[in-house]
Structures are given as C-alpha cells and as structure tokens.
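**Student:** Structure for this input, please:
(one chain, ligands or ions: 1)
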Amino acid sequence: MSQSNEPLKIAVFASGSGSNFQALAEAIKREDIHASIELVVCDKPSAYVLERANQLNIATYVFKPKEYASREHYEQEIVNKLLADGIDLIVLAGYMRIITNVLVEPFYGRMINIHPALLPSFPGLDGVGQALDYGAKLTGATVHFVDGGTDTGPIIAQQVVEIREDDTKETLAHRIQQVEHILLPKVVRMISEGKVTLSGRKVRVAQ
Ligand code: GRF
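**Tutor:** Residues are numbered from 1 along each chain as shown. Below you'll find the model as predicted:
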C-alpha cells in the first residue's frame, strides 16, 4: 500500500472502549511504525475511545446515526472527510455498526477489521460468548479485510487463544484482547511496509 516516504494515514473507527485504538497508537509511537492515526471516527458521543483520543491529541469525528436519513447518508459524509484527509487505511476496531457499499467500495483492500474469534467461526456479535457457549476448545483473534458481509472478508492474520474450562466471558475476552493488542499493530506494520497483497480471497504476506 504505502511504499512512499509518507507515513500511512490511518482512520480508526470505534464505538466503545478503544483499547485496540490505544494499543495501535502506542505501538506506532513505540515501534516507530511508519504510520499516523489521523482520525478517530465514532458513532457514540459517550464512548471512552474519545477520551483516549483526546489524551493522545488525535482528532475525532463524532456522529449520531439517528440524525441521518440512512446509513448511506452518514457514510457518504464520512467518506468525504476521509478522502479530504487523504486517509490510506481504515481500521475498524470495535465499530459496532453495519457498513454499506458507500464505505466499502472506495476503501476495498484499504479497510481492515479485528474480530475476537477465529473466523469463519463465530462471526457477528459477541464472538467471545459464541465460542464459549459452543464449547470450542480454541478460539482467538482475526484481522481481515472488510467486504460487504459480516466478518466475511479475506483473512490477513489470526492468532489462537485456548479456552480454559473455568473461563468466563470476561476472562476469555481479556486474554483475547491481550492477543488483539499485539496482532493489530503487527498487521498495520506489515501493511505500512507494503508487505500485504490481496488477490481474490487470498492474502499474501511477504516476509
Ligand atoms: C475487540 O475485542 C474487537 O475484536 C471487537 O470489538 C472489541 C473492541 O474493543 N471488534 P476495544 O474497544 O478496542 O477495547
């Protein structure tokens, strides 16, 4: 993707706590990933991710979905902003809204999502609870490109987390998040180095 000298310009979309946003922001600083988070897009004015963004001096774009006639309307406004800002990569990190083609089309291959399960198992809401209730022995985290479906896009990277007999949703979610906080920055680093290529459903990662 970005093989120029310009840092990869990222917009993070989040609806909640934003721990993945924070992990990415810290990794960019610490590991010197050639990238910068330009914007946090958030659909919930009370989300903690906004506080984190303010503390890190990162711009925010907050919108209230109910104020728009449709998803397509607010997404078009967001797309206009992202294009004006020259955003290279969208990172969905706990963004709890269905997205439409208005967003997917201009950013296909340049938009990734992190999901708390080993896709294609347990897509959609509550991937952690789904794996636990199913009685799976292994679950994990997946980073994938975003297509029009729910967690169906081409997979870039996955990491396994073992499910313990005494796990609750909270303990399992905690261990998955620890993995996510390493996996997501790792993928962004690979993308920023131009190592990730997409061909059909196959994602190739150069060593
Ligand atoms: C993460 O577990 C991610 O996999 C899922 O939503 C959660 C967001 O957590 N998509 P946070 O807001 O980054 O703390």
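**Student:** When you work out contacts or count neighbours from here on, use the C-alpha atoms and nothing else.
**Tutor:** Noted.
**Student:** looking at this, Ala157 is in a strand?
**Tutor:** Yes - counting by DSSP: H, G, I helix; E, B strand; the rest coil, one finds Ala157 located in a strand.
**Student:** Let me know whether it touches Val187 as I believe.
**Tutor:** Yes - with contact defined as Cα atoms under 8 Å, Ala157 reaches Val187; the gap is 7.2 Å.
**Student:** Check the contact lists of these two and give me the overlap.
**Tutor:** Val143 (Cα atoms under 8 Å, 6 or more residues apart in numbering).
**Student:** Look up how far Val102 lies from Val187.
**Tutor:** Val187 sits 25 Å away from Val102, going by Cα to Cα, to the nearest Å.
**Student:** first to last residue in stretch 74-94, what's the distance?
**Tutor:** 18 Å.
**Student:** what does that stretch rub up against?
**Tutor:** Applying Cα under 8 Å, 6+ apart, the external contacts of stretch 74-94 come out as 1-2, 8-16, 18, 20-21, 38, 63, 65, 68, 100, 102-103, 107, 110-114.
**Student:** gap between it and the chain center?
**Tutor:** 13 Å (Cα atoms, centre = their mean, to the nearest Å).
**Student:** Rounded mean pLDDT for it, please.
**Tutor:** Averaged across stretch 74-94, the pLDDT comes to 98.
**Student:** That one and the ligand, any residue contact?
**Tutor:** Yes - on the criterion Cα under 6 Å from any ligand atom, stretch 74-94 is in touch with the ligand at 93-94.
**Student:** Pull the number of nearby residues for Leu89.
**Tutor:** Using other Cα atoms under 10 Å, Leu89 has 25 other residues around it.
**Student:** same deal with Lys64?
**Tutor:** So Lys64, with other Cα under 10 Å, has 11 neighbours.
**Student:** Low-confidence ranges, the protein, go.
**Tutor:** Along the chain, the model assigns pLDDT under 70 to residues 1-4.
**Student:** Confirm for me that His144 is in contact with Thr150.
**Tutor:** No - the pair His144 / Thr150 is not scored as a contact, 11.1 Å apart, by Cα under 8 Å.
**Student:** now what about stretch 136-147, what contacts it?
**Tutor:** With Cα under 8 Å, 6+ apart as the test, stretch 136-147 has contacts from 104, 108-119, 131, 151-164, 176, 179-180, 183-184, 187.
**Student:** in that stretch, what's buried?
**Tutor:** 139-147 (16 or more other Cα atoms under 10 Å).
**Student:** For Val128, grab phi and psi.
**Tutor:** Note on Val128: backbone dihedrals following degrees, to the nearest 10 are phi -70, psi -50.
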